[in-house]
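**Q** Model the following, please.
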Amino acid sequence: MGRDQKKYRARINFTVSLIVVFLLFALSFFRVSKYNNTLHYESFSGEKLFSEDYGSDNDCTVNAIPRGSTWTKAFDLNNEGITEHNYRAYTYDFPVRNNTSDEISDFTFKLHFDKEVFLLSAWNGSLEFHQNVKGNEYVATVPDLRDYNVGDFAFDTVTFDGETLIRMNQGDYIHYIPSSNENAMEVPLEPHQGTVPGLILYAPIGEEIDGWVLELEYHYNRLLTRDVFFWISVVGMFLWLISHAVYIITSAQIKKYKLRHERDNEIIHQSIETFTGFIDAKDPYTNGHSNRVAEYTRAIAEEMGYSGEELDRVYCIALLHDCGKIGVPDSILKKPDRLTDEEFEIIKSHTVRGGEILRNFKSLKDVEEGALYHHERYDGRGYPEGKAGEEIPLIARIICVADSFDAMNSNRVYRKKLTPEMIIEEIEKNKGKQFDPEIADIFLGLLKEGKIK
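**A** Coordinates of the predicted model:
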């Protein structure tokens with residue numbers, strides 16, 4: 001996979017993961033918003049309402065708790081001259097408790113009466129009265145029952161001993177609206193906190209008043225930080241930022257390394273080409289030979305599937321294949337006449353010399369194989385070791401074809417270059433003898449396609 005393709009895939013992966021993180025955050029926001037906008041409802045009556053301990057494990061509870069001290073009055077409702085105390089005053093607290101870790105943003109409750117009572121006072125919040133007056137429902141809100149002006153309302157009331165009381169019959173109810181002013185601060189209701197609204201009323205002595213029904217409604221204000229998906233998205237974003245930072249730093253380091261690597265390769269290539277220039281300069285008849293052989297070798301290797309740095313390595317090894325000629329005397333290299341057997345042995349020794357020169361060149365893997373074995377023959381009749389077939393390293397078999405082609409395609413002191421037809425004929429004839437047949441066929445294909453001229 002190419003570097004550009006890797007970068008493209010990395011960008012896709014980072015984009016997709018970031019979208020997932022934002023979707024998780026959006027899911028968290030949606031869940032919390034939906035939860036906070038949900039109206040919660042509880043109904044309390046009987047033991048559930050009048051027992052202080054009942055329902056303490058529920059999310060939000062309210063109880064009707066009577067105070068111990070009470071007093072009595074004589075109510076002469078029908079002007080019968082009653083003087084004996086027949087009504088008792090009850091002071092009830094209604095502690096509303098938030099038993100959760102979420103804030104309760106607002107709450108209200110409705111208290112329904114099951115029999116006639118007389119309401120004297122209430123505190124903290126406002127009261128919205130729903131009272132049956134002469135067969136019609138009368139609805140009115142009193143901000144503070146302790147200070148209300150009787151003349152401002154049309155309630156059904158009675159007055160005894162200078163106190164005006166509001167009559168609440170069976171089926172009437174009050175709607176309690178909590179106060180948010182600085183003195184009461186009933187809402188919002190903090191986690192595991194509570195508030196205690198209350199009221200004072202009169203009921204007949206000896207009658208039970210435990211038939212009330214209280215309906216509680218409330219909303220939560222849950223923080224995003226209490227939702228599990230919020231923390232998943234936070235962790236996801238943290239991991240995304242860390243991985244993105246690592247990717248950026250790593251990419252910068254890789255880019256820096258690549259630039260340095262390219263500079264090093266350029267220096268190596270220039271050094272190799274300079275060195276091969278010295279070699280080719282020793283023999284004006286083969287000037288440029290090393291470069292051409294390297295080009296042909298690279299073309300064959302690319303056709304065989306080599307690419308990238310491996311292809312560059314093959315090219316450099318081919319460039320250096322004749323480096324051993326640096327130790328061959330000019331008198332032999334430039335001799336226009338036929339070489340003696342002794343001189344030919346000296347020429348042949350350039351393969352071994354080249355292998356020795358390059359053996360310690362560790363920057364290029366197996367670089368010495370090209371110089372040492374490029375004159376080996378596929379049939380085993382080559383030099384310096386007489387290797388045959390696939391015993392000969394692949395790079396040397398490739399260079400052998402490229403080197404022979406350039407020799408046939410170049411003018412030499414002892415002959416003119418061969419015609420294209422003669423070159424093809426020679427390669428065909430020597431498949432399986434001098435040349436690896438598969439590599440020879442690849443090279444002939446490149447010639448026919450015009451990729452090598």
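
**Q** show me where the stretch 251-400 of the chain has helices.
**A** Ranges of helices in the stretch 251-400 of the chain, per DSSP state H, counting those that start in this stretch, are 289-303, 308-319, 330-333, 341-348, 350-358, 367-373, 394-408.

**Q** and the third one, which residues are buried?
**A** So that's helix 330-333. For helix 330-333, burial by neighbour count (16 or more other Cβ atoms under 10 Å) applies to Ile332, Leu333. For the C-beta atoms, the positions are set from N, CA and C on the backbone; glycine is no exception.

**Q** Likewise for the first one?
**A** Of all the residues in helix 289-303, those buried under the rule 16+ other Cβ under 10 Å are 289-301.

**Q** For Ile232, state which of those residues is nearest.
**A** Set against Ile232, the nearest of the buried residues of helix 289-303 by Cβ to Cβ is Ala301 (51.4 Å).

**Q** Just confirm that closest one contacts Ile398, I think it does.
**A** Yes - Ala301 lies in contact with Ile398 (Cβ atoms under 8 Å); the separation is 6.2 Å.

**Q** can you list the buried residues of helix 289-303 in CSV and add distance to Ile424 and pLDDT?
**A** CSV is the format used below for the buried residues of helix 289-303 (distance: Cβ to Cβ, whole Å; pLDDT from 0 to 100):
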residue, distance to Ile424, pLDDT
His289, 20, 87
Ser290, 24, 88
Asn291, 23, 89
Arg292, 18, 92
Val293, 18, 93
Ala294, 22, 92
Glu295, 19, 94
Tyr296, 15, 95
Thr297, 19, 95
Arg298, 21, 95
Ala299, 16, 95
Ile300, 15, 95
Ala301, 21, 94
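
**Q** Would you format these as TSV with distance to Ile19 included?
**A** Compiled in TSV, the buried residues of helix 289-303 are given as follows (distance: Cβ to Cβ, whole Å):
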residue	distance to Ile19
His289	59
Ser290	55
Asn291	52
Arg292	54
Val293	54
Ala294	49
Glu295	49
Tyr296	51
Thr297	49
Arg298	44
Ala299	46
Ile300	47
Ala301	43
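
**Q** Pipe the helices of the stretch 251-400 of the chain into TSV and attach distance to Val62 per row.
**A** As requested, those are exported to TSV (distance: least, Cβ to Cβ, whole Å):
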stretch	distance to Val62
helix 289-303	85
helix 308-319	76
helix 330-333	111
helix 341-348	109
helix 350-358	94
helix 367-373	90
helix 394-408	89
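
**Q** Nearest to Leu145, out of the ones you listed?
**A** Per Cβ to Cβ, nearest to Leu145 of these: helix 308-319, 88.7 Å.

**Q** what angle separates the closest one from helix 289-303?
**A** Helix 308-319 runs at 150 degrees relative to helix 289-303, counting by axes from the mean of the first three to the mean of the last three Cα atoms, to 10 degrees.

**Q** what's the angle from helix 308-319 to helix 350-358?
**A** 130 degrees.

**Q** mean confidence for helix 308-319?
**A** The average pLDDT for helix 308-319 rounds to 91.

**Q** what does stretch 424-438 give?
**A** In the prediction, stretch 424-438 has an average pLDDT of 94.

**Q** roughly how far out does it sit from the chain middle?
**A** Put simply, stretch 424-438 sits 58 Å off its chain's centre (Cα atoms, centre = their mean, to the nearest Å).

**Q** what about that stretch, how long is it end to end?
**A** 15 Å (Cα to Cα, to the nearest Å).

**Q** Would you mind pulling the contact partners of stretch 92-103?
**A** 56-67, 104, 107, 109, 111, 176, 178, 186, 188-201, 214, 216, 220-223, 226 (Cβ atoms under 8 Å, 6 or more residues apart in numbering).

**Q** Just the buried ones from these?
**A** For these, buried by 16+ other Cβ under 10 Å: 60-65, 104, 107, 109, 111, 176, 178, 186, 188-189, 194-195, 197-201, 214, 216, 220, 222, 226.

**Q** returning to what we had before: most tightly surrounded among the helices of the stretch 251-400 of the chain?
**A** The highest average neighbour count among the helices of the stretch 251-400 of the chain, using mean count of other Cβ atoms under 10 Å, belongs to helix 367-373 at a mean of 25.

**Q** name the helices or strands packed onto that one?
**A** If you count contacts as 3 or more Cβ pairs under 8 Å, 6 or more residues apart in numbering; DSSP states H and E, helix 367-373 packs onto helix 308-319, helix 350-358, helix 394-408.

**Q** Go again with 6 Å.
**A** Judged by 3 or more Cβ pairs under 6 Å, 6 or more residues apart in numbering; DSSP states H and E, the packing partners of helix 367-373 are helix 350-358, helix 394-408.

**Q** So which residues make contact with the longest one?
**A** Under the criterion Cβ atoms under 6 Å, 6 or more residues apart in numbering, residues 289, 292-293, 296-297, 300, 317-318, 321, 369-370, 373-374, 418, 423, 435-436, 439-440, 443 lie in contact with helix 394-408.
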